[in-house]
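Asker: got a predicted structure plus its sequence, pasted below:
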Amino acid sequence: MTTAVAFRNLTLGYDQHPAVHHLETEIDQGSLTAIVGPNGAGKSTLLKGVTGVLAPLEGRIETSGLGYEDIAYLPQQSEIDRSFPISVIDLVAMGLWQEIGALGQLGRAKRSRVDAAIAAVGLTGFERRPIASLSGGQMQRALFARLLLQDTKLVLLDEPFTAIDAQTMADLIDLIHQWHGEGRTVLAVLHDQDTVKAHFPQTLMLARELVAHGPTDRVLTSENQYRARQMCEACASIPHVCGKSVA
Amino acid sequence: MIWELLFAPFADFGFMRRALLGCIAVSVGATPVGVFLMLRHMSLTGDAMAHAILPGAAIGYLISGLSLGAMTVGGLIAGMVVALGSGYVARVTALREDASLAAFYLISLALGVLIVSTRGSNVDLMHVLFGTVLALDDAALILLCSFASLSVIVLAVLFRPLVLECADPQFLRSVSKLSAVTHFTFLGVVVMNLVAGFHALGTLMAVGIMILPAAAARFWAAGIGGLIAGAAAIAVISSMVGLLLSFHYSLPSGPAIILVAGIIYAVSLIFGSVGGLIARTRPRRHFET
């Protein structure tokens, strides 16, 4: 199996403080992986690193030739201005950015793809509504519709089910399975262990450093979770310059 | 009677026609920019930038007197330096955009006041500060119309990335490299419109025709197209009414135009159909679903 994303001695962080520390592992192409770990374990930071927004302090991320146009990213706290007067359909249609860019037209064929994506997340009838009128769950559905249109090889989801009701979550998980079936690589930061166990074959447990990575039933053990908590509590101690660093 | 009140001043006097044309150009160019400033929560940025162009215009004036070209170039340079400098600082350092812009524009303003005061009080220089809408010559009109046209064209080309940069900047950054280009080009367009505006209304009033109509239109339109059209219409009406008031009652024209826009804003605030004060208190009909 080929590798979609390889972390090579990766250290990511803000200022000099590492959030991800000397991570060394590989994500298989076409895998469906949950990233779990305590708060402050560096899960969101890792996704930001993969998108390329955050440059590594040390080491590197190899994305086997994937450019930013091949990566779709749903951030945890989206910077979307919910008061901005834009309709659901306009927001979702921007998933086609790589095809239409700044000036391209949204022709009939593309328009029907946008409609199909909106239908796939169950928002048919909401096309013309301003995003300000959407509930949290509806907004997340709209953002998933945009991800559908982005049609990328790699999909990064940062806590996609926070403050989402069970029905919405079930619908969105169906979409994730659909992506998995289409051979896309999906990396999702999650907290709910039942969700991870039920739907994610692979798990990467992070506590700044790698705790475990592999089949979910072997990673999500109580020993690993205890170790992860210990490691994260240790991070809170007085910082000193890392001895593993070459610099 | 109505003819004499509303149309005769423009029909009889060339300077009034020129003033109206200049104001319409400024209105059409500046109001879409104002709408985007408002939607980006940057309404006060327009004000800061208006102060920032002062030293450039003043230096231009010192070098070659009341010359259209020199003051325009000076204003553009000063505005661009502040826009690019503060934008750069905000993007690469910990200082946020508001603080870095405040720092840059305050330095620029102090420099401008220093330069102005070294030449003592000067009537010509007052014209720079408060505009000369009733004395626009051909060159000034061509400049205003060119800047307005360029501004509208640039915004049309940049419309989609600009909307995304306002609504979901993180997404724009993740799908394209246009984010920084969009941001700085937009700031450039702001500067361009303020420089055009200061020839007509002065550096201090130019920002009024940019922001007030946009703020007023917010109470009438929900969509972005409606906002731009509404704001432009309000700006044109304010210009016409303001010029007439200034003609009939010998008021300074720049402040008259901006005050009319201010009155329209106040009326919109109270009676506006989209979230106006009265509309808020009344029960509204609503859909079944």
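Answerer: Right, received. Where do you want to start?
Asker: the bottom helix or strand of chain B by mean pLDDT?
Answerer: Of all the helices and strands that make up chain B, the one with the lowest confidence by mean pLDDT, DSSP states H and E is helix B:123-130; it has a mean of 67.
Asker: try chain A
Answerer: Lowest on mean pLDDT, DSSP H and E among the helices and strands of chain A sits helix A:222-235, with a mean of 84.
Asker: give me the buried positions along that one.
Answerer: Within helix A:222-235, the residues that qualify as buried are A:224-225, A:228, A:231-232, A:235, counting by 16 or more other C-beta atoms under 10 Å in any protein chain shown. For every residue, glycine as well, the C-beta is placed using N, CA and C.
Asker: repeat for stretch B:270-280
Answerer: In stretch B:270-280, the ones that count as buried by 16+ other C-beta under 10 Å are B:272, B:276.
Asker: just for chain B, where's the confidence low?
Answerer: Low-confidence segments of chain B, defined by pLDDT under 70, are located at B:66, B:119-129, B:288-289.
Asker: spell out which residues of it are next to chain A.
Answerer: Where proximity means C-beta under 8 Å from any C-beta of the partner chain, the interface of chain B facing chain A comprises B:39, B:157-158, B:160-161, B:163-164, B:166-171, B:173-176, B:178, B:222-224, B:227.
Asker: show me which residues of the host helix or strand of B:Thr182 are buried.
Answerer: Secondary-structure element containing B:Thr182, defined by DSSP states H and E: helix B:178-217. Residues of helix B:178-217 classed as buried: B:178-179, B:182-217 (neighbour count, 16+ other C-beta under 10 Å).
Asker: if I look at A:Tyr73, how far off is chain B?
Answerer: The gap separating A:Tyr73 from chain B is 5 Å, by C-beta to the nearest C-beta, to the nearest Å.
Asker: so that residue, which of the three states?
Answerer: Three-state secondary structure (criterion: DSSP: H, G, I helix; E, B strand; the rest coil) places A:Tyr73 in strand.
Asker: same check on the one 10 residues further on?
Answerer: The assignment at A:Ser83 comes out as coil when based on three-state DSSP.
Asker: my guess is it contacts A:Ala132, does it?
Answerer: Yes. A:Ser83 lies in contact with A:Ala132 (C-beta atoms under 8 Å); the separation is 5.6 Å.
Asker: circling back to that earlier point, can you give me the offset of the least confident helix or strand of chain A from its chain's centre?
Answerer: The gap between the average C-alpha position of helix A:222-235 and the chain average comes to 23 Å, counting by C-alpha atoms, centre = their mean, to the nearest Å.
Asker: contacts for that helix, please.
Answerer: The list of residues contacting helix A:222-235 from outside it, by C-beta atoms under 8 Å, 6 or more residues apart in numbering or on different chains, reads A:37-41, A:205-209, A:211-212.
Asker: from those, which land in strands?
Answerer: Secondary structure of the contacts of helix A:222-235 is defined by DSSP state E; positions in strands are A:205-207, A:209, A:211-212.
Asker: what segments of chain A are helices?
Answerer: A:43-51, A:88-93, A:97-100, A:108-120, A:136-150, A:166-181, A:193-199, A:216-219, A:222-235 (DSSP state H).
Asker: weakest of those in terms of mean pLDDT?
Answerer: The minimum mean pLDDT among the helices of chain A belongs to helix A:222-235 (a mean of 84).
Asker: give me every residue in chain A lying close to chain B.
Answerer: Near chain B, the residues belonging to chain A are A:51, A:53, A:68-69, A:71-73, A:75, A:78-81, A:84-87, A:90-91, A:94, A:97-98, A:101-103, A:130-131, A:146, A:150 when assessed by C-beta under 8 Å from any C-beta.
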